[in-house]
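Student: pasting a predicted model and its sequence here:
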Amino acid sequence: MTLAPALRVKTLLGDYPNTLALKSGVVATPRLDFDFADVKLPQNAFKAVVRGEYDVAELAIVTCLQAFAHGRPVTLLPTVVMAIPPHPCLAYNTTRGRLGPGDLAGKRIGIRAHSVTTVAWVRGILAQDYGVDLDSIQWVAFEDPHVPECVEPANVSRAPAGRTLVGMLRAGELDAGVVSVSDQQDGVLAPVIPDPAAALARWRERCNARPLNHMVVLHRDLARAQPWVADEVLRLLQQSAARAPDMPGADSIQSGIEALRPSLDLIIHHAFHQGLIPRRLAVDELFTM
């Protein structure tokens with residue numbers, strides 16, 4: 001009996017401990033041949049994913065919600081490949097005095113882009129947990145949204161060309177910014193939310209949610225033409241993740257619709273109330289073929 005040739009799929013997937021086994025071929029299947037794109041930072045190719053240029057791709061969940069809401073050919077797989085705790089990411093310049101969540105009205109906060117998932121999480125936490133009026137803040141964005149239909153509100157402005165978020169924050173030209181924890185190692189920048197680890201733990205318990213950032217999507221045409229591909233890709237990603245149980249934040253790298261439902265419900269809520277999507281999507285419709 002001659003086996004059918006493997007289906008070649010153009011794939012975008014970052015280099016993480018939980019994806020290493022799949023990308024290195026340790027986890028494999030004779031049914032699929034993954035043509036991995038040579039892209040160091042997956043987010044740099046998210047616009048191409050939204051345009052339908054990949055068969056299998058990592059995609060930020062807010063970008064996925066926007067793509068789905070505007071009829072782009074993506075269907076979601078219930079698995080998380082990358083998650084970042086949002087509470088430590090909003091930082092201020094300690095040389096300019098203490099800045100807490102209650103001090104943000106009228107301030108200038110730098111963000112990579114208006115629709116970045118971590119930014120959506122941070123805004124939602126500020127509004128829901130600290131009573132911050134998001135409209136009172138001047139948001140300074142450094143990039144355009146990945147989905148062109150995303151309309152930035154009037155209180156989002158564009159940073160000067162050639163400048164960086166961390167550079168402007170360190171120079172005192174921004175009051176705060178959504179940055180990585182690695183940008184805060186020298187003590188000049190520090191979290192706006194006090195004791196962010198404790199705040200994250202309280203948030204997780206109260207919301208029954210986990211932070212999630214990047215999930216995996218299939219091109220909808222492929223998902224409809226070859227329904228088995230979704231299950232096969234999901235199985236391989238789960239096997240690959242099982243080989244990295246000690247990775248940081250491993251409990252947030254979840255799979256399964258029911259396991260992810262509270263977190264997806266919450267990010268959909270934040271995305272809708274922040275005007276990032278035109279209607280409140282239902283979790284289950286994201287997985288329709």
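Tutor: Structure's in. What do you need?
Student: can you name every helix or strand that the helix or strand containing Ala120 contacts?
Tutor: According to DSSP states H and E, Ala120 maps onto helix 117-130. Helices and strands touching helix 117-130, by 3 or more CB pairs under 8 Å, 6 or more residues apart in numbering; DSSP states H and E, are helix 61-69, strand 176-178, helix 196-207, helix 257-273. Placement of C-beta: from N, CA and C, glycine included.
Student: could you dump the ones you listed to CSV with distance to Pro86?
Tutor: Shown next, in CSV, are the helices and strands packed on helix 117-130 (distance: least, CB to CB, whole Å):
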stretch, distance to Pro86
helix 61-69, 12
strand 176-178, 8
helix 196-207, 8
helix 257-273, 10
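Student: tell me which of these lies nearest to Pro153.
Tutor: With CB to CB, the closest approach to Pro153 among the helices and strands packed on helix 117-130 belongs to helix 257-273: 12.2 Å.
Student: and that closest one, what's buried?
Tutor: By 16 or more other CB atoms under 10 Å, the buried positions in helix 257-273 come out as 260, 263-268, 270-273.
Student: tell me the confidence at Leu104?
Tutor: Turning to Leu104, the model gives it a pLDDT of 98.
Student: also Glu173?
Tutor: Reading off the model, Glu173 has pLDDT 97.
Student: now Thr2
Tutor: Confidence score, pLDDT, at Thr2: 51.
Student: so which helix or strand takes in the spatially closest residue to Ile268 that is not a sequence neighbour?
Tutor: Excluding the flanking residues, the one nearest Ile268 by CB to CB, 6 or more residues apart in numbering is Leu281, at 5.4 Å. Under the criterion DSSP H and E, no helix or strand holds Leu281.
Student: show me where the stretch 1-150 of the chain has helices.
Tutor: 20-24, 46-50, 61-69, 117-130 (DSSP state H, counting those that start in this stretch).
Student: so which of these is the most surrounded?
Tutor: helix 61-69 (a mean of 25; mean count of other CB atoms under 10 Å).
Student: show the average pLDDT along that helix.
Tutor: The average pLDDT within helix 61-69 is 97.
Student: for that helix, name the packing helices and strands.
Tutor: helix 46-50, strand 74-82, helix 117-130, strand 214-219, helix 257-273.
Student: so what touches the fourth one?
Tutor: This means strand 214-219. For strand 214-219, contacts defined as CB atoms under 8 Å, 6 or more residues apart in numbering pick out 13-14, 42, 49, 52, 54-61, 64, 67, 73-83, 117, 229-230, 233-234, 237.
Student: repeat for the shortest one
Tutor: Counting by CB under 8 Å, 6+ apart, the neighbours of helix 46-50 from elsewhere in the structure are 12, 54, 57-60, 63, 67, 72, 74, 146-147, 217.
Student: returning to what we had before: list just the one of the helices and strands packed on helix 61-69 that sits closest to Ala161.
Tutor: helix 46-50 (19.1 Å).
Student: tell me how far the closest one lies from the chain's centre.
Tutor: Taking CA atoms, centre = their mean, to the nearest Å, the mean C-alpha location of helix 46-50 is offset from the chain mean by 14 Å.
Student: thinking again about what came up before, any chance of CSV for the contacts of helix 46-50, columns distance to Gln184?
Tutor: As requested, those are exported to CSV (distance: CB to CB, whole Å):
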residue, distance to Gln184
Leu12, 29
Tyr54, 33
Ala57, 30
Glu58, 25
Leu59, 27
Ala60, 22
Thr63, 25
Ala67, 31
Arg72, 35
Val74, 34
His146, 26
Val147, 30
Val217, 31
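Student: once you drop chain neighbours, what's closest to Asp55?
Tutor: Counting by CB to CB, 6+ apart, the residue nearest Asp55 is Val9, at 3.9 Å.
Student: where's the one you found relative to Arg31, distance?
Tutor: For Val9, the distance to Arg31 (CB to CB, to the nearest Å) stands at 10 Å.
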